[in-house]
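# return a 3D structure for these sequence lines:
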Amino acid sequence: MVGVKGRSGSSVGSREMDPAEKYYQMTVVDIDDDDDDEEEENGLKKYSETSTEDSIRSIHGQLNHLVLENLSLNEKILRASEELTETRGQLRGYTGGLGFSLDNTSDSEIIRLETLSKESCEHSALLEVFNVPEFARVLVCDLKPRLARLITKCFPAYCLLVAFRYHDHARDEASLTGLFNTVHIMLKDTLTNSRDLDVLSLWLVNTWRLFNLLRQYSGEAGGEEWHAQNTERQNAQRMQAFDVEPIRRQLKSRVDDAYQALMKHAIEPVLNNKIVPGILQHESDWMNGGGKKESKEGKDGKALDDLIDLLNFIHAKLSVYGADPVLLGTVFGQISAWICALALNHLMFRKELCNFEKAIQIKHNVTEVQSWLHSKGLGEHRAELEPLVQASHLLQSKKDEANIDTLCGEMTSKLKPRQVVAILQHYAPSDGFEERCLDADFLVKVQKKLNERNEPDPVRFADHDGHVLEAVRQSSVRLLGIPTGIPRPALLSASQPSIEVTVDYDCYIFILLRILTKLFTCARPVCL
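Numbering: from 1, shown residues only. Down below sits the predicted model:
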């Protein structure tokens with residue numbers, strides 16, 4: 001029993017070991033799972049190492065990108081710093097109240113040195129441009145107006161002419177048109193974006209001069225009036241290979257653009273604010289018994305002087321850059337027309353201005369402007385102000401039926417009928433001079449009499465489109481020789497303070513020499 005039990009127990013025990021075996025087997029299976037875990041951990045470690053390496057590479061790439069970007073920014077900062085230094089040098093003594101300013105000096109205060117004539121030296125008047133973009137950039141963008149005052153007047157126009165002549169001499173049409181197109185694009189952009197009086201004056205004068213030079217030195221037939229007074233040497237320097245008429249057509253458009261921009265954007269906004277106070281409201285000393293009568297703003301006493309000063313300022317700007325009499329006449333003829341039109345428009349509809357006393361003062365103010373035009377050699381444009389003179393005569397004349405023929409005749413020949421009637425409608429009789437206002441019957445008779453006469457030429461109002469082109473056709477710039485020497489810098493007069501002149505003059509000359517150096521590193525004179 002015991003043994004059986006033992007056997008049975010052993011057998012039972014053996015049977016009861018089956019779960020143990022399974023247990024051990026499960027334990028062995030668990031050991032296999034640990035190996036898998038280790039493999040997973042190894043895989044994770046390898047993945048983490050790989051991802052870390054990728055991250056490090058990515059960081060290094062970003063760092064390299066930042067370094068390159070930093071270097072690029074540093075280069076931009078250095079360039080900007082150089083430009084700022086150069087600009088500060090240009091503006092030194094220009095914006096400060098105590099510094100010397102070239103813009104405050106008149107043309108009479110600038111001494112220009114003439115080149116020595118060398119009879120044995122013959123110049124070809126040819127300029128080879130081998131870096132066209134840089135040449136155009138320096139000539140159009142870097143040559144600032146305050147520096148252009150120091151060298152030969154119309155220097156850019158002459159540079160372009162001799163450059164065109166070189167390509168004409170070499171019979172290189174592509175280079176000739178390429179040079180003009182590059183300069184033309186930069187010039188068009190400058191005229192479109194600029195509102196500065198100096199910049200617009202500089203390039204109006206130079207485009208005008210280049211346009212006339214291309215007519216004087218053109219080789220095509222049909223322009224004999226421009227070649228008739230040329231010297232033998234000038235005729236020898238005319239274009240030989242190409243007809244430059246297409247270039248002149250494009251250049252004529254730039255002349256008109258420069259004129260329109262100068263008149264509309266630089267002159268008109270300033271001039272309009274000075275016309276009415278200077279012509280209609282200003283009262284001279286003799287009108288007030290020796291004392292100036294000031295308005296509420298206290299400015300009427302010097303309004304006419306301000307207007308004359310503005311005219312002098314514009315004339316000086318154009319003259320210092322080399323404007324010829326025809327161009328000056330074109331500009332100031334239009335300014336005179338503006339003065340007349342705006343003043344007459346206000347006079348016709350302001351009752352306080354239509355009286356005997358005001359008429360005397362208005363005629364005096366207009367006469368002052370006409371005298372200024374005559375003193376500047378622009379006397380032919382005094383007729384632009386004649387309608388204002390006739391309006392003042394109309395206000396001073398006797399207004400009755402017996403005088404209608406005079407009122408409607410030569411006295412008002414420059415005025416339109418509606419302008420005469422409008423002035424008479426707003427006329428206010430002066431105390432002690434006329435006892436009554438003008439009645440309606442008198443105005444009707446004046447209107448009928450005015451309708452019987454031929455309509456006069458209309459007064460030019462502020463419409464100057466195309467005006468400059470007519471003046472270009474009759475320009476008298478014909479006997480211009482091509483400058484053959486290096487541009488001669490101007491010296492300041494000795495009347496200026498010596499310390500300030502020395503510092504600022506050196507600064508301007510240094511900048512000027514830098515620009516000329518840049519210019520002649522991309523172009524060189526050619527000797528035949």
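
# least trustworthy helix or strand in this protein by mean pLDDT?
Across the helices and strands of the chain, mean pLDDT, DSSP states H and E gives its lowest value to strand 490-492, namely a mean of 31.

# what is the strand or helix carrying N451 packed up against?
Remark: N451 resides in helix 440-452, with elements defined by DSSP states H and E. Taking 3 or more C-beta pairs under 8 Å, 6 or more residues apart in numbering; DSSP states H and E as contact, the helices and strands that helix 440-452 lies on are helix 404-407, helix 417-425. Quick note: C-beta positions are derived from backbone N, CA and C, even for glycine.

# quick one, which of the ones you listed is nearest to R382?
Evaluated over these, closeness to R382 peaks at helix 417-425, with 19.5 Å, by C-beta to C-beta.

# how far away is D306 from S319?
20 Å (C-beta to C-beta, to the nearest Å).

# look at these two and report which has more neighbours.
Neighbours per residue (other C-beta atoms under 10 Å) separate D306 from S319, with S319 holding more: 18 against 15.

# so what's the more buried one scoring on pLDDT?
pLDDT recorded at S319 is 93.

# same thing with the one 3 residues further on?
Note on G322: pLDDT of 92.

# what about E134, distance to Q229?
Taking C-beta to C-beta, one finds E134 at 37 Å from Q229.

# the more surrounded of the two?
Ranked by neighbour count (other C-beta under 10 Å), E134 and Q229 place E134 first, with 17 against 10.

# please, which helix or strand holds that one?
Judged by DSSP H and E, E134 forms part of helix 132-137.

# tally of neighbours for A170?
A170 has 14 nearby residues by other C-beta under 10 Å.

# residue ranges in the stretch 351-500 of the chain under the pLDDT threshold?
431-436, 454-500 (pLDDT under 70).

# the helices in it, which residues?
Along the stretch 351-500 of the chain, counting by DSSP state H, counting those that start in this stretch, helices occupy 356-375, 386-396, 404-407, 417-425, 440-452, 467-473, 498-521.

# ok, Y427 touching L353?
No. Y427 is beyond contact range of L353, at 10.0 Å (criterion: C-beta atoms under 8 Å).

# what do these two both touch?
Residues touching both Y427 and L353 (C-beta atoms under 8 Å, 6 or more residues apart in numbering): there are none.

# average pLDDT across the helix or strand where N74 lies?
For N74, the host element (DSSP H and E) is helix 18-91. Averaged across helix 18-91, the pLDDT comes to 69.

# same deal with stretch 271-280?
93.

# now do that stretch: everything it contacts.
The set of residues external to stretch 271-280 that reach it, using C-beta under 8 Å, 6+ apart, is 295, 299-300, 303-304, 306-308, 310, 335, 338-339, 342-343, 346-347, 350, 353, 358, 362, 365-366, 369, 388.

# quick check: ChimeraX command selecting the buried ones in the residues you listed.
Buried members of the contacts of stretch 271-280, defined by 16 or more other C-beta atoms under 10 Å, are picked up in ChimeraX with:
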select :300,303,304,307,308,310,335,338,339,342,343,347,353,358,362,365,366,369,388
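
# sort out which of the contacts of stretch 271-280 are in helices and list them.
303-304, 306-308, 310, 335, 338-339, 342-343, 346-347, 358, 362, 365-366, 369, 388 (DSSP state H).

# from D324, how far out is A337?
For A337 relative to D324 (C-beta to C-beta), the value is 20 Å.

# T152: neighbouring residues, count only.
Here the number of neighbours of T152 (other C-beta under 10 Å) works out to 20.

# so it touches Y158, yeah?
Yes. Contact criterion C-beta under 8 Å: T152 and Y158 qualify, at 7.1 Å.

# buried sites along stretch 142-154?
143-154.

# go through these and name the one nearest I56.
For these, the nearest to I56 is K144 (53.2 Å; C-beta to C-beta).

# against C437, how distant is the closest one?
59 Å.

# need the per-residue pLDDT for the residue nearest to G377 when sequence neighbours are not counted.
Residue nearest to G377 in three dimensions, not counting chain neighbours: P325, with 6.5 Å by C-beta to C-beta, 6 or more residues apart in numbering. Looking at P325, its pLDDT stands at 92.

# phi first, then psi, for P325.
phi -60, psi -30 (degrees, to the nearest 10).

# just to revisit the earlier point, for the buried residues of stretch 142-154, which one is nearest D198?
P145 (3.7 Å).

# ok, the residue nearest to that closest one when sequence neighbours are not counted - how many residues close by?
Excluding the flanking residues, the one nearest P145 by C-beta to C-beta, 6+ apart is D198, at 3.7 Å. Neighbours of D198 under the rule other C-beta under 10 Å: 18.

# and the angle for the helix or strand hosting N272 with helix 356-375?
Element membership of N272 [criterion: DSSP H and E] is helix 268-275. If you take axes from the mean of the first three to the mean of the last three C-alpha atoms, to 10 degrees, helix 268-275 sits at 130 degrees to helix 356-375.

# buried stuff in helix 268-275?
Residues of helix 268-275 classed as buried by neighbour count (16+ other C-beta under 10 Å): 268, 271, 274-275.

# dump these into JSON lines; add distance to L415 as well.
As requested, these are exported to JSON lines (distance: C-beta to C-beta, whole Å):
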{"residue": "E268", "distance to L415": "24"}
{"residue": "L271", "distance to L415": "23"}
{"residue": "K274", "distance to L415": "24"}
{"residue": "I275", "distance to L415": "18"}
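
# ok, so of those residues, who is nearest D405?
I275 (32.6 Å).

# which one is that closest one nearest to, not counting chain neighbours?
L342 (4.8 Å).

# return the helix holding N272 as CSV; C-alpha atoms alone will do.
Output in CSV follows, covering the C-alpha atoms of helix 268-275 (Å, rounded to 0.1, in the frame of the first residue of the first chain):
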residue,chain,number,x,y,z
GLU,A,268,4.0,124.8,-59.5
PRO,A,269,3.2,123.8,-55.8
VAL,A,270,5.6,126.5,-54.5
LEU,A,271,4.6,129.2,-57.0
ASN,A,272,0.9,128.9,-56.6
ASN,A,273,1.1,129.9,-53.0
LYS,A,274,2.9,133.1,-53.8
ILE,A,275,0.9,134.5,-56.8
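
# please name the residues that touch the residue lying closest to H364 once chain neighbours are set aside.
Nearest residue to H364, sequence neighbours excluded (C-beta to C-beta, 6+ apart): S284, at 6.2 Å. Counting by C-beta under 8 Å, 6+ apart, S284 touches 304, 361, 364-365.

# just give me the closest of the residues you listed to E380.
Using C-beta to C-beta, the contacts of S284 come closest to E380 at N365, 20.4 Å.

# so, low pLDDT: which residues of the stretch 151-300 of the chain?
Using pLDDT under 70, the flagged stretches of the stretch 151-300 of the chain are 222-223, 285-300.

# how about the helices in it?
With DSSP H, counting those that start in this stretch as the criterion, the stretch 151-300 of the chain has helices spanning 155-169, 173-193, 197-216, 224-227, 232-236, 245-261, 268-275.

# mind putting these in TSV, distance to Q447 included?
Formatted as TSV, the entries for the helices of the stretch 151-300 of the chain read as follows, by distance: least, C-beta to C-beta, whole Å:
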stretch	distance to Q447
helix 155-169	53
helix 173-193	47
helix 197-216	44
helix 224-227	48
helix 232-236	59
helix 245-261	38
helix 268-275	29
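
# nearest to V67, out of these?
helix 173-193 (36.0 Å).

# who does the closest one touch, helix- and strand-wise?
Against helix 173-193 (3+ C-beta pairs under 8 Å, 6+ apart) you get helix 132-137, helix 155-169, helix 197-216, helix 245-261.
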